[in-house]
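# give me coordinates for this.
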Amino acid sequence: MYLRPEDRARPSRMALRIAVVGGVAVTLFAILFFRLWTLQVLDGAENLAQAKNNRTRSTTIIPPRGKILARNGSVLVDNRTSLALQVDPSKLPTDPAAEAAELTEIGELVHMKLPAVRKRIAEEEKVVAAGAPVTVRRDVGYDLIYYIEERKGKFSGVTVEKVFVRNYPEEDEAAQILGHTGEVSEEELKEGPYKGLEPGEVVGKEGLEYSYDKVLRGTPGISRYQVNALGEPTPGGQLTSTPPQPGDNLKLTINPAVQKAGEAALAERGLPGAFVSMNIHTGEILGMGSAPTYNPTVWTKPMSNKQYEELSSEETGDPLFNRATSSAYPTGSTYKIITALAGLENGVFTPSTVVDDTGKIEVGGQPFENSEGAVNGPISLVRALEVSSDVFFYTQGYHMWKTNYLQEWSAKMGIGVPTGIDLSLGEGAEGLVPSKKWDEEEIANGNEYIEPWGPGQNIQLAVGQGYLQTDPLEMAIAYAALGNDGTIVTPHLGKEVTDAAGRVLREIDPGPRRHVKINPEYQRLIMEGLHLVTAGPGGTATEVFKEFPIPIAGKTGTAERGEPHRNQSWFISLAPYPNPNIVTVVTIEEGGFGAESAAPANKQILEAYFAHDLKKEAEEKTKEEEPAASKEPSGSEESFGEEESSSEEEVLGEEAASEEVPVEGTETGEGG
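From the prediction side, this is the model:
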């Protein structure tokens, strides 16, 4: 039977739709089943671990830092516990009004107004790593813990944590060399020695705390605990805990008696200055201080910008600045040992060379005078050191102005070069010994304050003036080399690393940096001149040390700093003479003549050193030696009698006073 097209059976539209939807559904279910199979079979273990991690949190437990001890074991820095109110900024309300309300309530807990709280959080966020809580206030009471615990839901992200902070039993003693600590910053986590640490870790920021951070920091612990859906710890939810490992202790070379005496001597003068006492054979720093100083406990609480400005302002004397290691001072006559060595070792003059000191020399129409117009007559090296004749050393500086003898011997003796001390000093701390090359470079770079190099610059350098910039530590190294026959020591403050039980884990002995060959006869003559400074009839410091029972060698210095400043006072001692074991440098800004303030301060330090340390040594030897021997200071292998001075003298025919050469320079009358 034939059917017309319109009478033939046609597929139902509904059936077609059902087929399409069915196909899509089967495909979707296949994808879903495959995904479920993947999650449960292929990735099951990983997903299970992630699910567990969503129920747990971990916190870093900051360890207590190691102690810093003096050489006798007395504590200079240790720790105390403090309750700190901390806020996690990421958990504060996002709504400005709600955030302000919560911060206001937080501030009321610690008696701070809203602007103060905001300012504190902003300042803390600048110095701590991202994600770490910020400290609003330390040393809060236990009542605050109970109050916040009872209102956890109200104060989200607010906790009171028990933290370790540094404690300073001796308050401001050695503040600049000890340094301070703080939470690692976000920048420090990205590069430098603290790269890779955890946010919130406490690290050394300055001084010995920075230099020996790896020793002192310790190893953080980790605490893992269970949390609920809101991320809050569940009762009894602690899972595991790895306790922190405290840092090791650092024992210093510091002699407490010397340190206290030096800081007291500076404080009594009430002027900016510094001192360094060092063992000339080992480089161990026995005392180091800078004035004005400050109490480093200020770093144990969040510091405001105003507080920091007060500690670093020139108006307050910049108490953070360590003048002992990083200053840029002219040294006055204490530099004359360099001029003496450079001239003798290079044959510019001899021990018996005589200069007629008429009170001044004139070069190129420029007069260079002795301090206060003193006239010493015919004079040789030893006597020139005793009375601090500027004319004698002006003459030698003039004779060496076309050479680099002064610059070379400055570098040999450690002036103008890095010292190697175990402190972070920053760029430029090595100071400056001016030279013709340096002068030309400065002028080429557009420094309009620098004059073209001429004999005047070298004449001034010969007496520690002009463009010379150095610090007490460099001068201590130079004088130590004179006293120990040419060894350039490495100054250091670290002596030992010990554990909590006091067992020595590591001794710190960097060893000498190099050795300089010094003619023994020249060394003896210079030391003789320095001894006469404190014991000779014309010695510039004889009046200060006339009743001091231990023979010493020393040198006064009076550095001109220009108006409106008074002269800067210097005194450097080597004791006992003639075989010293300690060098002590004192400089006092605005202190006047060397014998006026620096020399008496230096004497105070020597009294402390010999009265406490050497007296103990002598008492221990009384069982083996004659009673009279116990009165002699140790460190000397010979008697402390004066060396006989050379009797032969020859007059130098080429006097600078009779020559006139064009010179650019300023008038100097430094003296002792």
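
# low-confidence ranges, the stretch 351-500 of the chain, go.
426-428 (pLDDT under 70).

# could you pull out the helices for the stretch 401-550 of the chain?
405-412, 436-444, 455-461, 472-483, 520-535, 542-545 (DSSP state H, counting those that start in this stretch).

# quick one: average pLDDT of the last one?
Looking at helix 542-545 alone, the average pLDDT works out to 97.

# mind listing what's buried in it?
For helix 542-545, a neighbour-count test (16 or more other CB atoms under 10 Å) marks 542, 544-545 as buried. Quick note: C-beta positions are derived from backbone N, CA and C, even for glycine.

# and for the fifth one?
For helix 520-535, a neighbour-count test (16+ other CB under 10 Å) marks 522-523, 525-535 as buried.

# how about the third one?
Taking 16+ other CB under 10 Å as the neighbour-count basis, helix 455-461 is seen to contain the buried residues 455-461.

# distance to Asp356 added to those residues, as TSV?
Formatted as TSV, the buried residues of helix 455-461 follow (distance: CB to CB, whole Å):
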residue	distance to Asp356
Pro455	19
Gly456	21
Gln457	24
Asn458	21
Ile459	17
Gln460	21
Leu461	22
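
# nearest to Val184, of those?
Top of the list for closeness to Val184, among the buried residues of helix 455-461 and by CB to CB, is Leu461 at 44.6 Å.

# so how far is Ile338 from that closest one?
Counting by CB to CB, to the nearest Å, the gap from Leu461 to Ile338 is 9 Å.

# need the residues touching each of these two.
Leu406 (CB atoms under 8 Å, 6 or more residues apart in numbering).

# strands paired with the longest strand anywhere in the chain, and their directions?
The longest strand of the chain (DSSP state E) is strand 75-87. Strand 75-87 has these partner strands in its sheet, going by DSSP bridges: strand 68-69 (antiparallel), strand 134-138 (antiparallel), strand 158-167 (antiparallel).

# ok, residues contacting the first one?
Yep, that's strand 68-69 we're talking about. So strand 68-69 is contacted by 75-78, 178, 208-209, 216, 249-252, 498 (CB under 8 Å, 6+ apart).

# show me how to select, in PyMOL, the buried members of these.
Filtering those down to the buried ones (16+ other CB under 10 Å) takes a single PyMOL command:
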select buried, resi 76+77+78+178+208+209+216+249+250+251+252+498
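
# out of the contacts of strand 68-69, flag the one nearest to Pro115.
Of these, the one sitting nearest to Pro115 (CB to CB) turns out to be Glu209, at 32.1 Å.

# for this structure, which residues score under the pLDDT cut-off?
For the chain (pLDDT under 70), the answer is 1-13, 34-59, 127-131, 152-153, 225-240, 426-428, 612-618, 620-672.

# immediately after the longest strand of the chain, which helix or strand?
helix 96-109 (DSSP states H and E).

# tell me what that following helix is packed against?
strand 75-87, helix 114-127, helix 142-149 (3 or more CB pairs under 8 Å, 6 or more residues apart in numbering; DSSP states H and E).

# Tyr577 is nearest to which of the ones you listed?
Closest among the helices and strands packed on helix 96-109, once you apply CB to CB, is strand 75-87, at 31.7 Å.

# off-centre distance for that closest one?
23 Å (CA atoms, centre = their mean, to the nearest Å).

# who does the residue nearest to Asp139 when sequence neighbours are not counted bridge with?
Nearest residue to Asp139, sequence neighbours excluded (CB to CB, 6 or more residues apart in numbering): Ser82, at 5.2 Å. Beta-bridge partners for Ser82, by DSSP bridges, are Val163.

# distance of Ser82 from Thr282?
38 Å.

# contacts only, for Tyr147.
Applying CB under 8 Å, 6+ apart, the residues near Tyr147 are Leu109.

# quick one on the thing from earlier: is it true that the residue nearest to Asp139 touches Arg137?
No - applying CB atoms under 8 Å as the test, Ser82 and Arg137 come out as separate, 10.0 Å apart.

# ok, the two, which is more surrounded?
Using other CB atoms under 10 Å, the more surrounded residue of Ser82 and Arg137 is Arg137, with 23 against 18.

# for stretch 199-216, buried residues please.
Taking 16+ other CB under 10 Å as the criterion, stretch 199-216 shows 199-213, 215-216 as buried.

# list the neighbouring strands of the host helix or strand of Val583 plus their orientation.
Using DSSP H and E, Val583 falls within strand 582-588. Paired neighbours of strand 582-588 in the sheet (DSSP bridges): strand 273-279 (antiparallel), strand 568-575 (antiparallel).

# do you know which of the helices of the stretch 401-550 of the chain lies nearest Phe593?
Going by CB to CB, the one of the helices of the stretch 401-550 of the chain nearest Phe593 is helix 542-545, 10.8 Å.

# and the contacts of the closest one?
Helix 542-545 is contacted from outside by 533-536, 552, 554, 595, 599-600, 603, using CB under 8 Å, 6+ apart.

# got those residues as a markdown table, with distance to Pro96 columns?
Shown next, in a markdown table, are the contacts of helix 542-545 (distance: CB to CB, whole Å):
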| residue | distance to Pro96 |
| --- | --- |
| Val533 | 72 |
| Thr534 | 72 |
| Ala535 | 77 |
| Gly536 | 78 |
| Ile552 | 70 |
| Gly554 | 68 |
| Ala595 | 67 |
| Ala599 | 65 |
| Pro600 | 63 |
| Lys603 | 65 |
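
# which one of the residues you listed is nearest to Glu369?
Ala595 (19.0 Å).

# now do the buried residues in stretch 160-169.
Neighbour-count burial for stretch 160-169 [16+ other CB under 10 Å]: 160-161, 163-168.

# now those residues in CSV, with distance to Glu474?
Below are the buried residues of stretch 160-169 laid out as CSV (distance: CB to CB, whole Å):
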residue, distance to Glu474
Val160, 49
Glu161, 45
Val163, 40
Phe164, 37
Val165, 35
Arg166, 30
Asn167, 33
Tyr168, 28
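
# what about Pro418, how many neighbours?
12.

# that one against Gly431, yeah?
No - at 9.8 Å, Pro418 does not count as touching Gly431 under the criterion of CB under 8 Å.

# in this structure Leu109 contacts Ile145, no?
No - using CB under 8 Å, Leu109 is not in contact with Ile145, being 11.0 Å away.

# just want to know which of these two has more residues nearby.
Leu109 (19 against 16).

# just give the nearest non-adjacent residue to that one, would you?
Leu144 (6.0 Å).

# do the same with Thr487
Thr487 sits nearest to Pro512 (CB to CB, 6+ apart), 5.0 Å away.

# now Val348
Val348 sits nearest to His399 (CB to CB, 6+ apart), 5.3 Å away.

# what's the spacing between the one you found and Lys412?
19 Å.

# just Val184 next, same as before
When Val184 is compared with Lys412 (using CB to CB), they lie 41 Å apart.

# would you map the helices across the stretch 251-400 of the chain?
256-269, 305-312, 323-326, 336-345, 381-387, 390-399.

# just give me the longest helix of this protein.
helix 13-37 (DSSP state H).

# now for that one, which elements pack on it?
Taking 3+ CB pairs under 8 Å, 6+ apart as the contact cut, helix 13-37 packs with no helix or strand.
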